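**Q** Quick one: sequence and predicted model below, then my questions.
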Amino acid sequence: MELNWFIVDETIKRSLNEDLGRGDITTDSIVPVGTQAFGHFIAKEAGVVAGITVAARTFQLLSPDIQMRLRYKDGEKVVAGELIAEIEGPARPILWGERVALNFLQRMSGIAALTAEMVSKVQKYGVEIIDTRKTTPGLRLLEKYAVRQGGGVNHRMGLDDAVLIKDNHIAVAGGIIPAIKVVKANASHMVKIEVEVENEKEVLEALEAGADVIMLDNMDPEEMAKMVKLIDKKAVVEASGNVNLNTVEAIAKTGVDVISVGALTHSVTSLDISLDLFHR
């Protein structure tokens, strides 16, 4: 997955405007114009780097005279204490952008690190770890990019990518079969149809209606394994609900094809990364 830099630039600019407001009164009071600085981005804990190019772009938008030398690329594993990147240039804009750049880098690296842990637990079962739409508003592109850097796979980017019929759609439509029937009558034949199910009856209805993907929602592993056998490769099987580092391997053992994990983006802990500056 490549970043759309037009969208990324707009995201960075909004974030800088939010933080800077009318100006950095602390930095502008203390640091004379023309002061130069250099610094180190240090990983304070082990993880996977993601967003280092976004951090670099944040500083570039503030001043083209700021240079970053990257020691690690997005997607590379880092251990605690490692130097991730060096920065050099005018001190004022470096300080103006420090927090925003670190926010992107820390959060995206946290997402990549958690994804990599999940992937390592299931890869021997041939199961993919995928994300969800439970992302931070305005940061979906960056967060889904971070998932890819950790070895995960993206689910739909938005509501216009594919059909996902969930419990509320089913309730409003009057059931799984009528919901899928209406979708097939209105959507392009090129669009995949996924339906969320909670029990065997709903699995059978999804199969009868011709769903392309069946999401087993909040089932225990024993029930999931039973449903995988019932579906018998007639549809892609996705597991969802209560997925964490303690449960993901047991879910993978059931034979599902993919496991969607909202926690990758909705409750991830940012990776601890610092920026230490020095006077030139």
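**A** On my side now, so go ahead.
**Q** Do you have the strands of this protein handy? List them.
**A** For the chain, the strands defined by DSSP state E cover 36-43, 47-48, 67-70, 77-78, 83-90, 128-130, 163-165, 193-197, 213-217, 236-240, 258-260, 273-279.
**Q** Give me the contact list for the fourth one.
**A** Meaning strand 77-78. The contact list for strand 77-78 (Cβ atoms under 8 Å, 6 or more residues apart in numbering) reads 43, 46, 47, 48, 49, 72, 84, 116. In short, each C-beta sits where N, CA and C put it, glycine included.
**Q** Tell me which two in the residues you listed are the farthest apart.
**A** 84 and 116 (16.0 Å; Cβ to Cβ).
**Q** Pull the number of nearby residues for residue 240.
**A** 21 (other Cβ atoms under 10 Å).
**Q** Please name the bridge partners of it.
**A** According to DSSP bridges, the partner residues bridging residue 240 are residue 217, residue 260.
**Q** Next, work out how far apart it and residue 217 are.
**A** 5 Å (Cβ to Cβ, to the nearest Å).
**Q** list the residues that contact both of these two?
**A** residue 196.
**Q** So the nearest residue to residue 176 once chain neighbours are set aside versus residue 199, what's the distance?
**A** Residue nearest to residue 176 in three dimensions, not counting chain neighbours: residue 205, with 4.2 Å by Cβ to Cβ, 6 or more residues apart in numbering. As defined by Cβ to Cβ, residue 205 lies at a distance of 10 Å from residue 199.
**Q** Likewise for residue 241?
**A** From residue 241 across to residue 199, the span is 13 Å (Cβ to Cβ).
**Q** So which of the two has more stuff around it?
**A** residue 241 (18 against 13).
**Q** any idea of the mean pLDDT in stretch 61-71?
**A** Averaged over stretch 61-71, pLDDT sits at 98.
**Q** let me redo that: stretch 146-154
**A** 98.
**Q** Where does the prediction get shaky in this structure?
**A** Within the chain, no stretch has pLDDT under 70.
**Q** Looking at it, which helix is longest?
**A** helix 91-122 (DSSP state H).
**Q** ok, and for that helix, which residues are buried?
**A** 91-119, 121-122 (16 or more other Cβ atoms under 10 Å).
**Q** quick one: it to strand 83-90, angle?
**A** Inter-element angle recorded for helix 91-122 and strand 83-90: 160 degrees (by axes from the mean of the first three to the mean of the last three Cα atoms, to 10 degrees).
**Q** and helix 91-122 with strand 36-43, angle?
**A** Using the same axes, to 10 degrees, helix 91-122 lies at 10 degrees relative to strand 36-43.
**Q** so how far is helix 91-122 off the chain centroid?
**A** 11 Å (Cα atoms, centre = their mean, to the nearest Å).
**Q** okay, the angle between it and strand 273-279?
**A** 150 degrees.
**Q** Use 8 as the first number for this chain going forward.
**A** Let's use 8 as the start, then, which means that last one is helix 98-129.
**Q** first to last residue in stretch 158-175, what's the distance?
**A** Taking Cα to Cα, to the nearest Å, the first and last residues of stretch 158-175 lie 31 Å apart.
**Q** actually stretch 158-169, not the one I typed
**A** End-to-end for stretch 158-169, by Cα to Cα: 22 Å.
**Q** Which residues outside that stretch are in contact with it?
**A** Against stretch 158-169 from outside (Cβ under 8 Å, 6+ apart): 8, 122-123, 125-126, 135-140, 147-148, 151, 154-155, 171, 198-201, 265, 267-268, 271.
**Q** Stretch 33-53 too?
**A** Here stretch 33-53 has contacts from 56, 59, 62, 84-99, 101-103, 112, 120, 278-287, using Cβ under 8 Å, 6+ apart.
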